[in-house]
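J.: Quick one, fold the following:
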Amino acid sequence: MTESEERSGARRVWSAPGRVNLIGEHTDYNDGFVLPIAIPLAVTCRGVRHADELVRVRSRQRPGEPVRLPAADLAAERDRVPGWARYPLGVLTEFGRRGHRIEGLDLEFDGDVPAGAGLSSSAALCCAAAVALRDLCAPATGDRELIDIARAAENDYVGAPTGILDHAASILCTAGHALFLDVRAFQSAETGGFEQLPFDLAATGLRLLVIDTGQTHEHAGGEYAARRAECAEAAAALGVGSLRDIGGVDQLTGLDDPVLYRRAHHVVSENERVRRVAELLREGADPRAIGPLLSEGHTSLRDDFAVSTEVLDTAVDTAQEAGAHGSRMVGGGFGGSIIALVDTADAERVGSAVRQRLAEMGYDRSRTFEAVAGPGAGPVV
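T.: Sure, this is the predicted structure:
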C-alpha cells in the first residue's frame, strides 16, 4: 500500500479459496502425500492499515460490533476472543511472534465456503488473513512461511490440531491443476516438495461434484485429535518416526492392537492411493480411471479410520448407484461433504439422487456444486 492509499483509508481485497482433496485424507500429519484442488468458493479479506495500533476484525457472517484489541495484546487476550475471530487474530499473533511488526489494522471478512462442510473454511479464513497481512505488513514473507503461519494459527491460537494440507492447498493451488504435495519433502526443504498436475475434467466429459450433506463437523473436537494420537502411537509401536516410513501394508504385521492396526492400514494404503492417482494424472490417463481409487479411499476411511458417518456413507452409496465412477467423503470426517466423479451427462441425475436421499434422512438443506480446479490465495484484481 502506498502512503497516499494509507492516508486516504483506501482498502484492498484479498481472497483465499476452500479446497477439495481428491485423495489423501489424514495423511498430511503423518508426513505423507495429498492431492487437493482449490474450489470456486472462497473467503475474502478487505483490509487497511491505520495509525492507532488497534486491530479490528469483523465478519459479514457474524453481524454486530467488530472485535477490537490492541495489537500488542493479541496473544494475552486470546481467551476473550470469539471463536470465529481466533482464526484471523491467530494469524496476526503468529506474524508478530515471528518478528513482523503488526500495527493498527481494520480487516473485514466475507465468504461462501460453508463452515463444517469439510471444504476447509477455517483454513481459507486463515489464509485470507495471511495474504492480506503479508502485503500490508510483511511483503518479504514467502509462501512456505505463509502456510506455516496459517497452520500455526489454527493449531496454537484456535486449538485445532490440523496438518498443513488445507493451508498449502489454499496458498499453492493453481487453476486447472491438482496439487501433488509430499508433506515431508515440503516441510524439510526450502524448495520443491510439490507438483502441479493437469486436472481438466471438462475436456474428457467429466465433472467433479461436491455434495455438502448438511451434517456439520468440528476439527477442534476430540475425535480428530484422537486419530492423530492413534497414528503417533502406531508409528511408535512400529519403531518409526511417522507412518510415512512404512512402505506397504505388509509391514504392519507387528501391530498387535487391532485399532492401531486399522488406523495405520488406512494411512499406508491411502498414501499408495495418492501416488497412484497422481501417476494417472501425470500420464494423461482417462480420469475415469481414478474413480475406483476414490471409492477405495472411502471404504478405508469408513472401516479402518472410522471417521465416516451413516449420512456420508449413504450419500456415497447413492452417488455410485446413480452412476458415479467413484465417490468418497472429503475432509476430516464426522460429517461434511462427499465428492462424486461423474460423466457430464449424469451430473444432474447423480446430484438429485443424493439430495433426495439425504432429504429422506432429514438433511433437506444439502447442496451440490461443481468443483473446478481454481487458483490459490492472493489479491483480488
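
J.: Which phi and psi values does residue 118 adopt?
T.: Recorded main-chain torsions at residue 118 are phi 80, psi 20, according to degrees, to the nearest 10.

J.: Tell me where this protein has helices.
T.: When secondary structure is read from DSSP state H, the chain shows helices at 3-8, 86-97, 121-137, 143-152, 165-172, 183-188, 222-238, 258-282, 291-303, 310-321, 347-360.

J.: For residue 376, find the nearest of those.
T.: Checking those against residue 376 by CB to CB gives helix 165-172 as the closest, at 5.3 Å. From N, CA and C alone the C-beta is placed, and that goes for glycine too.

J.: what packs against the longest strand along the chain?
T.: Secondary structure assigned by DSSP state E gives strand 33-50 as the longest strand of the chain. Under the contact criterion of 3 or more CB pairs under 8 Å, 6 or more residues apart in numbering; DSSP states H and E, the helices and strands touching strand 33-50 comprise helix 3-8, strand 12-23, strand 104-111, helix 121-137, helix 165-172, strand 177-182, helix 258-282.

J.: That one to strand 12-23, inter-axis angle?
T.: With axes from the mean of the first three to the mean of the last three CA atoms, to 10 degrees as the criterion, the two stretches strand 33-50 and strand 12-23 enclose an angle of 170 degrees.

J.: Can you tell me which of the helices and strands packed on strand 33-50 has the worst average pLDDT?
T.: Considering the helices and strands packed on strand 33-50 one by one, the lowest average pLDDT is found for helix 3-8, at a mean of 40.

J.: and the residue nearest to residue 374 when sequence neighbours are not counted, what is it in contact with?
T.: Beyond its immediate neighbours in the sequence, the residue positioned closest to residue 374 (CB to CB, 6 or more residues apart in numbering) is residue 38, lying 4.5 Å away. With contacts defined as CB atoms under 8 Å, 6 or more residues apart in numbering, the neighbours of residue 38 are 17-19, 169-170, 173-175, 373-376.

J.: could those go into JSON lines alongside neighbour count and distance to residue 141?
T.: Formatted as JSON lines, the entries for those read as follows, by neighbours: other CB atoms under 10 Å; distance: CB to CB, whole Å:
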{"residue": "17", "neighbour count": "29", "distance to residue 141": "19"}
{"residue": "18", "neighbour count": "31", "distance to residue 141": "22"}
{"residue": "19", "neighbour count": "33", "distance to residue 141": "21"}
{"residue": "169", "neighbour count": "32", "distance to residue 141": "18"}
{"residue": "170", "neighbour count": "33", "distance to residue 141": "15"}
{"residue": "173", "neighbour count": "26", "distance to residue 141": "18"}
{"residue": "174", "neighbour count": "15", "distance to residue 141": "19"}
{"residue": "175", "neighbour count": "14", "distance to residue 141": "23"}
{"residue": "373", "neighbour count": "25", "distance to residue 141": "25"}
{"residue": "374", "neighbour count": "19", "distance to residue 141": "23"}
{"residue": "375", "neighbour count": "15", "distance to residue 141": "19"}
{"residue": "376", "neighbour count": "21", "distance to residue 141": "15"}
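
J.: and which of those residues is nearest residue 186?
T.: Nearest to residue 186 out of those is residue 169 (CB to CB; 11.9 Å).
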